Each structure stands twice: as structure tokens, then as C-alpha cells.
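Peer 1: predicted model and sequence follow; I will ask about them next.
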Amino acid sequence: MLRARTCLGGMVTAPHHLAAESGAQVLREGGNAIEAMIAAAATIAVTYPHMNSIGGDGFWLIALPGRPPIGVQACGPAVALATPQFYSGDEAIPSRGPRAALTVAGAVAGWAEAFALAQGEGGRLPISALLADAIGHAREGVPVAHSLASRIERKWDELEGVPGFQETYAATGRPAEGAIFKQPKLAATLAQLAEAGLDDFYRGDLARQFASGLEAAGSPLRLGDLEAYRAVRADPLSLGLKGGTIFNMPPPTQGITSMMILGIFERLGVTEADGFAHVHALIEATKRAFIYRNAHLGDPSRMDPAWRNWLADDLLRAEAAAIDLARAAPWPPPSQPGDTVWLGAADREGRVVSYIQSLYWEFGSGFVVPETGVVWQNRGVSFGLRGGPNALEPGRFPMHTLNPALARLEDGRTLAYGTMGGDGQPQTQAAIYSRHVMFGQDMQAAVTAPRWALGRRWGNEPMNLKVESRFPPDFVNALVKAGHDLDVVEPFDELMGHAGMVSIDDRGVISGAADPRADGTCASV
């Protein structure tokens, strides 16, 4: 039987085992969970470059013992020159190439803000120590994971002509699984951050290198955009459920969407996991929550203030009452692809971190800033050129699918959980949380069990329901009879997300789970 891993000294869970080990090593050296997460985040930017990069964004939820959780918003806005006029010759914002690189990359600024929090918690390890593993892996190389090899193969025709992509990821041909992949330029960039400090990314030699390379290639980003940027702390949203209180990040993330799904689902009265009632109810709750997200979610300064009522009991009850527990509702299809990494950490003092880091699409813009090894995100493709809740405007934040989740449970545990997967993120969060917390499944069993995802995964695929083939045929037939338009996919399809969970209880026992759909593990002390 699948069981969560447990320990007393500390644990990091990540979708690549080397990232988890980097974090665990920091814990062994006396670092805290926040420091461990910075190390893990740096390493996974090297080992999983298709899913995330230091040229992307990040969001943190940090639980400190006896205090309310702290959020860190490390997402970049549209730059000053990113106007509809800049894209006047385009039907839509380009999804690849330098012109897709139109938002500031916030991840490293988030590391800096988290580092300041870590020091306030007694952290004493320097940034150079936290980045050491990542620098070594980039310089010496790592074996190519199956996930990376398959994504390069899948997206080669789309990305091979983007400046810097081929020379960075396939200098001697497309890398096969298990081949040694070195990134010397990225190693040098990380070494510069270790020596000069994280601020160099925005207001130093690296900033000038990024700005000149992006401008020369045709991006609207300039040095002033980097110099003006800071990550900020943000108060998380919270929602009380039976069994505990969940927390997530506010807009521009879809954290409120993840919370709405669970709030609606709880009011439907489902009593057991993984049968038709459970999965159907979560799918239908997802549809109700996505209606709000698709119509309204974006930069919170531009949203109708009514979004603050989306977690109100009367609204959640009304949405639950609109669900037919026997039939699938007509579905307004979401369209938010995404590639991301979620990581969790807990230390022996009770600190728990839920962190997510992303490029948006796989390999983001695909554009690698010359001589840096850094691929820049394409998060700005979320903007529209013709109005709506995400109309392009300088200084505006795009809607983010990223959302790290956290919970403080009535049984005394603090739980971090999350996943990658764009539209799939809130759905997988709901699946693993409901299985584990609401229905008592073991943490690892909840992560490993078959999953589903509503929405398009890639390209021109149907925007319908996908279910893994490990669900019994009778269950799949019941979904079809209820009116769900679905396709059955591979048994451990990584496009169902790379989920994970980590918790600490009031005895100090730390438990964790990693997703068999990824290349990760739970590394413990």
C-alpha cells in the first residue's frame, strides 16, 4: 500500500529529485525551510528548464509557527513599452520569441524577499551556499529527465528558430533521455548572483546584460523595468472548511479559483472519495469557479471589488445549488495552458513553505538572453489586445494560473500542497486535498491515485475532460452517461500535473508525498 514518507528533521518534496536533495542538504546544514526552498528552487531551474526558469515568476506561502501565513508575490508586470501600439501589427501577442518576453521576471526577487524572511527566522546561510548545488549542476551537467526530453521533442518545430533556444538546449542535437545536459552560461549567471547578490538580477551587471540582450532581440523590456521591480508581500486569502482552514494567494493568481472549487464541493455533501459522486461533483464545481475566473480574474487593481465576495458562504451555497449531481452542465471551456513546478518544505521548528515557480508555457518565450543561459517567460501572452479583464497595459499584472496552497488543519497539522498544470492546478489541488483531508486517504495514495483534468492540454487538442486510464471502465462509462465529453489518456500522464504534499503535526512528525508522474522525490533529514 502506498504510504507517505515521514521524518522528524525536515523534508523537501519536489518534482525533480536533485531539487529535493538540494533543499534537504540545506536543512542538514542547519538551514530552515525557507532557505531550503531557495536552494531547491535554484536547482530545479537547472534540472527542469522546460517547466521553470530564473527568467520566470514565483509565488510563496510561508507558515511560521503561531503566526498567520505570509504570502510573497514575485510576478512581474507588463513593461513600460508593452502597449497595444507596440503590437499593432499582430492579431494577438506572440506566444514565442523575444516579443513574447514583455513582463519582468519576478522569481529571483521572490527569492530575495524570502531570503530576508529566512534571516528574520534565524537563517545564517549565505546566498552563495543556497545556490551552490544549482551552479554545480549547471556547470557539470545533469542527466536529461524523461519529461525534459519529451518536451523538447514535442515542441522542437515550434521553438527551434527562436534565438538562443537551439544552442542552449540542443547544441549537439536534441538531447535524449539520460544524456548529460550542461548549461555553462546559466552556471555563470547563477555564480554572478551568488557573488554579487540577488539584487544584481535587477540593478546590477546582470540587469544590464538582460536589458541589452532583450532590447536588441526585439523585446519591449528595458533596464528601467528591471530596476523598478520589487517582489512584495501579500496577505493570503483564507477559507474555513470542515477539517481546517485553507490559504492561497489573491489575484492576479487563480488561488481564489482553487478555493472556490473546494468551498462549492464541500457544500454538495459528498461522503467518499473516487467514486462517481466525488469526481463528478469536483468537475462541476470547477466549471462554476472557472466561470468567475474567465470573466473577471486579472490584475486586482483593475478587477471589480466584488471578487472579494467570491468565498462568501451564500455565494458558494448558491453555486453548489446550481449543480446537478447526476448530469454534466454545459461547459464554458477554459484555455490556460501552463508549465510550472510546485515544491514544498517543512523544518523541525514547524515552518512550512508552499512555493510555485513558472515560465507559463513550456520553455516560456523560448528566447534565451544571449550569454546568460536564461530563458525568459511568456506570461504576457495572457494579455489581450482588445479589452477584457486582461487587456494589455503597461504596469498591469497578467492573470496567473500559479497558486501555491497551504492549510492549517483541525488535527494540528500545517499542510503545504500544490501542482503544476495551468488549468489543471486548481483541479488537482481539489483532488488531492479532498482525498487526503476530507476523506482520510494517506497523503501518498491521494497524490498517486488516478486524476482528471478539464480543459485543453496542448495545441489543438479538444478542450474536454481527460481522465487517466487507471479509472475503472464502469466509472468512465458513468461519466459519459452523465454527459461528460471525455478522452481517456495514459495511466500516469504527467500532463495531469506534478503534485506534492508536505505536512508537520503537533508532535513534530513531518510527512510528505511526491508524484510518480514526475522525476521527483521527498528528501528528508
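Peer 2: Cool, got the structure. Residues are numbered from 1 along each chain as shown.
Peer 1: okay but Val270 is in contact with His278, surely?
Peer 2: Yes: in this structure Val270 lies within contact range of His278 using CB atoms under 8 Å: 5.3 Å. The C-beta positions use only the backbone N, C-alpha and C, and glycine is treated the same way.
Peer 1: could you point out the longest helix of the chain?
Peer 2: As assigned by DSSP state H, the longest helix anywhere in the chain is helix 276-296.
Peer 1: just give me the neighbour total for Ala211.
Peer 2: Neighbourhood size, Ala211 [other CB atoms under 10 Å]: 20.
Peer 1: just give the nearest non-adjacent residue to it, would you?
Peer 2: Excluding its sequence neighbours, the residue lying closest to Ala211 (CB to CB, 6 or more residues apart in numbering) is Leu223, at 3.8 Å.
Peer 1: poorly predicted segments of the protein, please.
Peer 2: Across the chain, the ranges flagged by pLDDT under 70 are 1, 332-339, 456-462.
Peer 1: kindly state the domain boundaries assigned to it.
Peer 2: Under the assignment automatic domain parsing, the domains of the chain span 10-233+342-382, 236-338+402-524.
Peer 1: nearest residue to Pro300 in space, please, no chain neighbours.
Peer 2: Computed as CB to CB, 6+ apart, the closest residue to Pro300 that is not its neighbour in sequence is Pro251, at 4.2 Å.
Peer 1: pretty sure Asp515 is touching Ala446, no?
Peer 2: No: using CB under 8 Å as the test, Asp515 is too far from Ala446 to be in contact (10.7 Å).
Peer 1: returning to what we had before: next, the contact list for the residue nearest to Ala211, please.
Peer 2: 207-208, 211-212 (CB atoms under 8 Å, 6 or more residues apart in numbering).
Peer 1: and the gap between it and Leu206?
Peer 2: With the distance defined as CB to CB, to the nearest Å, Leu223 ends up 11 Å from Leu206.
Peer 1: ok, now Ile323?
Peer 2: Distance, Ile323 to Leu206, by CB to CB: 50 Å.
Peer 1: likewise for Gly56?
Peer 2: Going from Gly56 to Leu206 by CB to CB gives 15 Å.
Peer 1: the more surrounded of those two?
Peer 2: Legend: neighbour count by other CB under 10 Å for Gly56 and Leu206, higher for Gly56 (31 against 24).
Peer 1: test my guess that Tyr169 contacts Ile152.
Peer 2: Yes: using CB under 8 Å, Tyr169 is in contact with Ile152, at 6.0 Å.
Peer 1: so what sits against both of these two?
Peer 2: Listed contacts common to Tyr169 and Ile152 are Pro175; contacts here mean CB under 8 Å, 6+ apart.
Peer 1: what's the most buried one of the domains of the chain?
Peer 2: Highest mean neighbour count of those: domain 10-233+342-382, a mean of 22 (counted as mean count of other CB atoms under 10 Å).
Peer 1: what about it, how long is it end to end?
Peer 2: By CA to CA, to the nearest Å, the extent of domain 10-233+342-382 from end to end equals 37 Å.
Peer 1: centre of the chain to it, how far?
Peer 2: With CA atoms, centre = their mean, to the nearest Å as the basis, domain 10-233+342-382 stands 12 Å off its chain's centre.
Peer 1: number the chain from 31, please
Peer 2: From this message on, residue numbering opens at 31, which makes the last subject domain 40-263+372-412.
Peer 1: ok, Leu244 touching Pro128?
Peer 2: Yes: using CB under 8 Å, Leu244 is in contact with Pro128, at 6.5 Å.
Peer 1: show me where the stretch 131-280 of the chain has helices.
Peer 2: 137-150, 157-170, 176-189, 195-199, 214-226, 230-233, 235-247, 253-257 (DSSP state H, counting those that start in this stretch).
Peer 1: what helices or strands is the second one leaning on?
Peer 2: In terms of contacts (3 or more CB pairs under 8 Å, 6 or more residues apart in numbering; DSSP states H and E), helix 157-170 is packed against helix 47-58, helix 63-77, helix 214-226.
Peer 1: and the contacts of that helix?
Peer 2: By CB under 8 Å, 6+ apart, the list of residues contacting helix 157-170 from outside reads 48, 51-52, 55-56, 59, 61, 65, 68-69, 72-73, 75-77, 145, 212-214, 216-217, 220-221, 223-225, 227-228, 403.
Peer 1: before we move on, what about the fifth one?
Peer 2: The set of residues external to helix 214-226 that reach it, using CB under 8 Å, 6+ apart, is 72, 76, 84, 138, 157-158, 161-162, 164-166, 168-169, 198, 230-231, 234-236, 401-404.
Peer 1: so Gly417 lies in a helix, does it not?
Peer 2: No: judged by DSSP: H, G, I helix; E, B strand; the rest coil, Gly417 forms no part of a helix; its state is coil.
Peer 1: give me the neighbour count for it.
Peer 2: With other CB under 10 Å as criterion, Gly417 counts 9.
Peer 1: picking that back up, now the domains of the chain as CSV including distance to Pro419?
Peer 2: Listed next are the domains of the chain as CSV, based on distance: least, CB to CB, whole Å:
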stretch, distance to Pro419
domain 40-263+372-412, 10
domain 266-368+432-554, 4
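Peer 1: of all the ones you listed, which lies closest to Pro424?
Peer 2: Nearest to Pro424 among the domains of the chain is domain 40-263+372-412; the distance by CB to CB comes to 4.9 Å.
Peer 1: how near is Ala130 to Phe427?
Peer 2: Counting by CB to CB, the gap from Ala130 to Phe427 is 17 Å.
Peer 1: which residues in the stretch 381-530 of the chain form helices?
Peer 2: Using DSSP H, counting those that start in this stretch, helices in the stretch 381-530 of the chain cover 454-463, 473-478, 503-511.
Peer 1: count the neighbours of the nearest residue to Leu422 once chain neighbours are set aside for me.
Peer 2: Sequence neighbours aside, Phe413 is the residue nearest to Leu422 in space, at 4.0 Å (criterion: CB to CB, 6+ apart). Residues within reach of Phe413, counting by other CB under 10 Å, total 25.
Peer 1: Phe413 against Arg426, yeah?
Peer 2: Yes: with contact defined as CB under 8 Å, Phe413 and Arg426 form a contacting pair (7.5 Å).
Peer 1: next, show the common contact partners of those two.
Peer 2: Here Phe413 and Arg426 share the contacting residues Ala108, scored by CB under 8 Å, 6+ apart.
Peer 1: who are the packing partners of the helix or strand where Ser541 lies?
Peer 2: Here Ser541 is covered by strand 540-544, with elements defined by DSSP states H and E. The elements that strand 540-544 packs onto, with contact taken as 3+ CB pairs under 8 Å, 6+ apart, are strand 35-37, strand 40-44, strand 369-377, helix 473-478, strand 530-534, strand 551-554.
Peer 1: make a markdown table from the helices of the stretch 381-530 of the chain and add distance to Gly417 to it.
Peer 2: Putting the helices of the stretch 381-530 of the chain into a markdown table (distance: least, CB to CB, whole Å) gives the following:
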| stretch | distance to Gly417 |
| --- | --- |
| helix 454-463 | 25 |
| helix 473-478 | 40 |
| helix 503-511 | 37 |
